[in-house]
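> missing the sequence, but the structure's below:
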């Protein structure tokens, strides 16, 4: 059904003598700000150390029956 609508619009545009505009295919070529500068910069090593510290902290709480 949608195809019929597009055909009708195409024919009406041709009858009116209008030029048919087709959007240009520039997909993927538009550049946005690719480099985002964060105020908080963490190295991967710091994230791993933080995760290990959280795991150890939770283990200590479980050992002393403080945490569920």
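Here it is on my side, so go on. Please read these numbers as outputs of a predicted model, since none were measured by experiment.
> all contacts plus neighbour counts: C-alpha atoms, from now on.
Will do.
> now the helices for the chain?
Under the criterion DSSP state H, helices of the chain are mapped to 2-16, 44-63.
> TSV please, covering the ones you listed and showing mean pLDDT.
Below are the helices of the chain laid out as TSV (pLDDT from 0 to 100):
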stretch	mean pLDDT
helix 2-16	70
helix 44-63	93
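> of all these, which lies closest to residue 37?
Set against residue 37 and scored by C-alpha to C-alpha, the helices of the chain come closest in helix 44-63, at 16.4 Å.
> I'd like the distance between residue 59 and residue 7.
68 Å (C-alpha to C-alpha, to the nearest Å).
> With residue 53 instead?
From residue 53 to residue 7 the distance is 65 Å (C-alpha to C-alpha).
> returning to that earlier point: any chance of the helices of the chain in CSV, with mean neighbour count and distance to residue 37 too?
Conversion of the helices of the chain to CSV gives the following (neighbours: other C-alpha atoms under 10 Å; distance: least, C-alpha to C-alpha, whole Å):
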stretch, mean neighbour count, distance to residue 37
helix 2-16, 11, 45
helix 44-63, 12, 16
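> want to throw these into CSV with distance to residue 38?
Output for the helices of the chain, formatted as CSV (distance: least, C-alpha to C-alpha, whole Å):
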stretch, distance to residue 38
helix 2-16, 46
helix 44-63, 15
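> Nearest approach to residue 36 belongs to which of these?
Using C-alpha to C-alpha, the nearest of the helices of the chain to residue 36 is helix 44-63, at 17.2 Å.
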